[in-house]
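Q: Kindly generate the corresponding structure for this input.
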Amino acid sequence: MTVGQARDAARQWVMGEAGRIPGFGGAYTAGSTNWLPEEAEVAAASDLDIMVAVTDPDRASRRGKLRFREVLLDVSYLRDDQLRSPELVLSDYHLAPSFWTANILADPSGHLKALREAVGRDYAKRWWVRQRCANARDKVRGHLRPIRRQAPLHDLVTACLFGAGVTTHVLLTAGLRNPTVRSRYAAVRGLLADYDQLGFHEAMLELLGAARMSRGRIERHLATLAEIFDATKKDIQPPFPFASDLSDAARPIAIDGSRELIERGYHRESMFWIAVTHSRCQKALAGGTVPQRFRDSYRELAGDLGIASFADARRRGAEIERFLPRVWEVAETIMAADGRIEDD
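A: Got it, this is the predicted structure:
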């Protein structure tokens with residue numbers, strides 16, 4: 001299926017389903033497919049992200065994957081007041097790239113079209129690029145806050161994974177690139193190579209804890225993840241915020257997508273999403289009886305990452321904090337060299 005066909009299916013779903021929601025304010029595409037031409041093929045390990053604006057704050061925090069007309073849609077809802085002004089969007093490192101590249105699927109009031117035009121005019125202004133980089137840097141620190149002595153191991157590991165992982169988003173934002181989720185480390189490697197900063201990628205992988213992992217070791221972690229993933233998707237108890245990420249629909253992304261990264265030579269880069277998904281499986285099963293082999297395999301993974309205890313997590317959190325000034329320096333280097341970025 002081509003990207004254009006997938007977008008048509010998404011538009012049909014929006015008109016038939018999302019458009020019926022009380023307080024529906026419009027919908028647009030987001031994510032990696034926004035950066036592809038209409039004739040490109042949608043990869044088997046990809047979904048199509050849709051953002052749906054609503055007035056209901058209870059619905060606004062929801063998201064989930066569903067299959068519609070052979071397309072895997074990842075639908076997120078957000079409050080329409082988050083899209084109130086161009087300035088709000090331009091300062092948000094997740095929202096702004098989507099609007100820069102968005103395909104509007106429905107726009108009852110015309111507000112989304114006007115917003116896209118305004119965001120497009122100022123998106124590459126240096127001041128706004130720095131604002132978004134700072135927004136991503138703040139998210140790094142936000143992810144580190146859950147590192148507390150009483151937190152379970154899977155929450156400690158998750159905090160460190162995203163604390164380290166969002167440093168890639170600071171750089172991708174600086175380079176006007178998609179702050180992708182699952183393949184962020186592969187994406188930032190390409191960015192750093194383009195700006196003669198490839199050595200910094202090794203430092204980023206060290207911070208993640210994957211720099212010295214062999215392909216064989218990572219393939220073993222993926223194999224054990226596939227086993228616990230299949231067990232979790234059968235026993236997951238609602239409400240769980242990542243239920244749709246641990247479902248049959250999401251398996252091609254979580255498991256096959258990670259395998260595809262490994263086969264392309266990005267085995268170390270694949271560890272981010274392997275570890276995130278394994279951590280979410282542990283969290284989903286935490287309320288019940290987790291088989292000992294799943295506990296053991298997760299402790300092996302956490303140990304390989306260097307985050308086997310609260311002391312390890314606290315130390316990693318401190319390393320991430322100390323790393324941020326270096327990330328900012330590289331971001332400034334990228335911004336200075338990118339001819340698309342305009343002076344204010």
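
Q: Could you tell me how far Ala302 is located from Arg84?
A: As judged by C-beta to C-beta, to the nearest Å, Ala302 and Arg84 stand 42 Å apart. Heads up, the C-betas are built off the backbone N, CA and C, glycines and all.

Q: quick one: which of those two has more around it?
A: Ala302 (24 against 12; other C-beta atoms under 10 Å).

Q: what sits against that one?
A: Ala302 sits next to Leu153, Val157, Ala308 when contact means C-beta atoms under 8 Å, 6 or more residues apart in numbering.

Q: looking at this, the last one is in a strand?
A: No - using DSSP: H, G, I helix; E, B strand; the rest coil, the assignment for Ala308 is coil, not a strand.

Q: Remind me which helix or strand the residue nearest to it when sequence neighbours are not counted belongs to.
A: Spatial nearest neighbour of Ala308, excluding adjacent residues (C-beta to C-beta, 6 or more residues apart in numbering): Ala302 at 5.0 Å. Element membership for Ala302, per DSSP states H and E: helix 292-305.

Q: With only the CA atoms kept, save that helix in PDB.
A: Written as PDB, here are the backbone C-alpha positions of helix 292-305 (Å, rounded to 0.1, in the frame of the first residue of the first chain):
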ATOM      1  CA  GLN A 292      10.100 -16.400  36.800                       C
ATOM      2  CA  ARG A 293      11.700 -16.800  33.400                       C
ATOM      3  CA  PHE A 294      10.300 -13.400  32.400                       C
ATOM      4  CA  ARG A 295      11.600 -11.800  35.500                       C
ATOM      5  CA  ASP A 296      15.000 -13.400  34.900                       C
ATOM      6  CA  SER A 297      15.200 -12.300  31.300                       C
ATOM      7  CA  TYR A 298      14.200  -8.700  32.200                       C
ATOM      8  CA  ARG A 299      16.900  -8.600  34.900                       C
ATOM      9  CA  GLU A 300      19.400  -9.700  32.300                       C
ATOM     10  CA  LEU A 301      18.300  -6.900  30.000                       C
ATOM     11  CA  ALA A 302      18.500  -4.300  32.800                       C
ATOM     12  CA  GLY A 303      21.900  -5.600  33.800                       C
ATOM     13  CA  ASP A 304      23.200  -5.400  30.200                       C
ATOM     14  CA  LEU A 305      22.000  -1.800  30.100                       C
END
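
Q: ok, back up a step: looking at the contacts of Ala302, which is nearest Thr2?
A: Closest approach to Thr2 among these (C-beta to C-beta): Val157, at 38.0 Å.

Q: quick check: angle from the helix or strand where that closest one lies to helix 292-305?
A: Secondary-structure element containing Val157, defined by DSSP H and E: helix 153-174. Helix 153-174 runs at 40 degrees relative to helix 292-305, counting by axes from the mean of the first three to the mean of the last three C-alpha atoms, to 10 degrees.

Q: which residues in the protein form strands?
A: For the chain, strands defined by DSSP state E occupy the ranges 24-30, 48-54, 63-68, 71-79, 104-106.

Q: could you dump the ones you listed to JSON lines with distance to His94, mean neighbour count and mean pLDDT?
A: Shown next, in JSON lines, are the strands of the chain (distance: least, C-beta to C-beta, whole Å; neighbours: other C-beta atoms under 10 Å; pLDDT from 0 to 100):
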{"stretch": "strand 24-30", "distance to His94": "8", "mean neighbour count": "23", "mean pLDDT": "95"}
{"stretch": "strand 48-54", "distance to His94": "10", "mean neighbour count": "24", "mean pLDDT": "95"}
{"stretch": "strand 63-68", "distance to His94": "12", "mean neighbour count": "16", "mean pLDDT": "89"}
{"stretch": "strand 71-79", "distance to His94": "10", "mean neighbour count": "20", "mean pLDDT": "93"}
{"stretch": "strand 104-106", "distance to His94": "17", "mean neighbour count": "19", "mean pLDDT": "96"}
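
Q: possible to save the ones you listed as JSON lines with distance to Pro146?
A: Below are the strands of the chain laid out as JSON lines (distance: least, C-beta to C-beta, whole Å):
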{"stretch": "strand 24-30", "distance to Pro146": "26"}
{"stretch": "strand 48-54", "distance to Pro146": "25"}
{"stretch": "strand 63-68", "distance to Pro146": "20"}
{"stretch": "strand 71-79", "distance to Pro146": "22"}
{"stretch": "strand 104-106", "distance to Pro146": "35"}
